[in-house]
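Asks: Quick one, structure for this:
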Amino acid sequence: MIVVEERSSPLVLVLPHSGQRIPRELERRMTATGRLQTDLSWHLDQVADFTGELGISVLRTPFSRLVIDVDRDPVREADGQPSDPAVALCPLTTMDGKRVYQAEEDPGPVEIEERRRLFHEPFHTALGAQIERLKGQNRRVVLLNIQSMRSRIKGRFPGELPLVNIGNCQGRSCHEDVTSIVASLEKDYPNGGLSENDITTGGFIAQMFGQPRDGVHVITLVLAQRAYIRHETPPFEMDKERLKQTRAALRRVSADLINWANGAQKAPPRTLLEPLPDFLSV
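Replies: Model prediction:
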């Protein structure tokens with residue numbers, strides 16, 4: 001139920017939303033819209049297929065986020081299923097508000113708790129074990145949580161998503177150098193745009209494991225899918241040229257994170273403010 005690729009570099013790549021598997025008995029309860037799984041991080045495992053070359057450990061689940069979202073807080077379920085699919089452990093609707101389940105087939109509290117026990121808890125146990133393993137070998141450990149979303153989601157975000165969206169729990173889940181390195185992706189997409197702690201603030205994985213003072217740095221990167229996908233509708237066909245560009249950009253950032261964690265490289269400087277207008281800079 002969990003795919004773990006153990007390697008020795010201080011970087012772990014986490015793919016919480018790339019799994020497509022839905023148990024057959026659950027799939028039968030879904031609507032046609034639910035079975036399309038439009039809210040997955042489609043094909044990201046193929047985008048990040050450079051991990052073996054760089055010695056990067058990988059942790060992912062083959063199961064769909066519609067079965068359970070391993071980057072969501074199970075405590076939110078205590079008072080019942082949240083209506084917002086962006087924070088739901090087991091979403092009832094898509095991001096644009098379409099029903100996932102047929103009438104009277106929504107999972108209840110008992111089923112949600114069972115899914116948490118079967119899928120969510122083992123994932124976090126496995127991730128914690130990888131962190132402890134790498135902490136024994138490295139002074140710093142970095143988790144890069146990579147996700148992707150459709151560029152336009154009606155009713156969820158106005159207009160088009162920035163291409164690069166990063167979350168660090170308002171600076172609490174990682175050192176600012178880690179944010180600077182990942183934010184440098186903006187240079188690979190000059191007209192793509194960048195958001196920080198807006199589209200995503202980091203998610204449950206960052207909240208749980210991000211402990212910069214203890215040497216564990218977690219950052220979430222959400223790519224707008226136009227970065228590597230030609231048509232952002234099923235079957236989410238990839239664009240060869242965009243894929244090549246995005247793979248190269250992620251590989252560079254991953255190598256920079258490894259070098260930073262090893263103390264072999266400093267983070268690039270960030271421009272935090274736009275240049276002053278001429279009449280103010282005199």
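
Asks: what stretches of this structure score poorly on pLDDT?
Replies: 77-81, 271-282 (pLDDT under 70).

Asks: could you pull out the strands for it?
Replies: Secondary structure of the chain (DSSP state E): strands at 3-5, 11-15, 57-60, 141-149, 164-167, 194-196, 216-224.

Asks: Let me have the ones you listed in CSV, extended by distance to Gln130.
Replies: Backbone N, C-alpha and C define where each C-beta goes, glycine included. Output for the strands of the chain, formatted as CSV (distance: least, C-beta to C-beta, whole Å):
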stretch, distance to Gln130
strand 3-5, 7
strand 11-15, 6
strand 57-60, 6
strand 141-149, 9
strand 164-167, 21
strand 194-196, 26
strand 216-224, 11
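
Asks: which one of those strands lies closest to Ser83?
Replies: Nearest to Ser83, of all the strands of the chain, is strand 141-149, at 19.0 Å by C-beta to C-beta.

Asks: May I have that closest one as CSV, with CA atoms only?
Replies: C-alpha atoms of strand 141-149 as CSV (Å, rounded to 0.1, in the frame of the first residue of the first chain):
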residue,chain,number,x,y,z
VAL,A,141,17.2,16.1,5.8
VAL,A,142,14.9,17.8,3.3
LEU,A,143,11.5,16.6,2.3
LEU,A,144,10.2,17.9,-1.1
ASN,A,145,6.4,17.3,-1.2
ILE,A,146,5.5,17.6,-4.9
GLN,A,147,1.9,17.9,-6.2
SER,A,148,0.2,19.3,-9.2
MET,A,149,-3.2,20.8,-9.9
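
Asks: That one pairs with which strands?
Replies: Using DSSP bridges, the strands paired with strand 141-149 in its sheet are strand 11-15 (parallel), strand 216-224 (parallel).

Asks: Now render those strands as CSV, adding distance to Ser151 and mean neighbour count.
Replies: Formatted as CSV, the strands paired with strand 141-149 follow (distance: least, C-beta to C-beta, whole Å; neighbours: other C-beta atoms under 10 Å):
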stretch, distance to Ser151, mean neighbour count
strand 11-15, 20, 26
strand 216-224, 4, 25
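
Asks: Cool, thanks, talk later.
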